[in-house]
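Asks: only geometry, no sequence info:
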């Protein structure tokens, strides 16, 4: 279950979701909503009411170097937005929960 959640998203937009008891995580690409819900409940000891997922494609990137143009692609990833039961929060900085 621990392998399902890779890391929490700590961006300005993701932190704004915390006001609505929602938290964003980067998850395994093959994980489904049920596995994500179980992993979050097990890891943070909270009650999850809903899970929304997004599949993000990798982007093409290029840069100019002395050797010429270097081209590559960023990795594709899956993002999950988890809504918690009213009154519960997750402290993403230290990984502890509070009720």
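Replies: Cool, the structure landed. Given the structure is predicted, the values throughout are model-derived calculations rather than measurements. Residues are numbered from 1 along each chain as shown.

Asks: drop to CA atoms for contacts and neighbour counts, all remaining ones
Replies: Noted.

Asks: For the longest helix along the chain, enumerate the helices and strands it packs against.
Replies: When the chain is parsed with DSSP state H, its longest helix is helix 33-44. With contacts defined as 3 or more C-alpha pairs under 8 Å, 6 or more residues apart in numbering; DSSP states H and E, helix 33-44 has these neighbours: strand 5-8, strand 48-56.

Asks: try 10 Å this time
Replies: Helix 33-44 sits against strand 5-8, strand 22-27, strand 48-56, strand 77-84, strand 97-98, with contacts defined as 3 or more C-alpha pairs under 10 Å, 6 or more residues apart in numbering; DSSP states H and E.

Asks: Just give me the residue closest to the centre of this protein.
Replies: residue 25 (1.3 Å; C-alpha atoms, centre = their mean).

Asks: quick one: that one from residue 50, how far?
Replies: To residue 50, residue 25 is 14 Å away according to C-alpha to C-alpha, to the nearest Å.

Asks: Overlap in contacts, these two.
Replies: Common contacts of residue 25 and residue 50, defined by C-alpha atoms under 10 Å, 6 or more residues apart in numbering, comprise 81-82.

Asks: re earlier: now the residue nearest to the centre of the chain: closest residue in space, sequence neighbours ignored.
Replies: residue 8 (4.2 Å; C-alpha to C-alpha, 6 or more residues apart in numbering).

Asks: what's the spacing between residue 47 and residue 37?
Replies: 9 Å.

Asks: Need the overlap of contacts for these two.
Replies: residue 83.

Asks: Mind checking which of these two has more residues around it?
Replies: residue 37 (21 against 17; other C-alpha atoms under 10 Å).

Asks: and that one, what is it in contact with?
Replies: 1, 4, 46-51, 80, 82-83.

Asks: Check what pLDDT residue 13 gets.
Replies: At residue 13, the model reports a pLDDT of 93.
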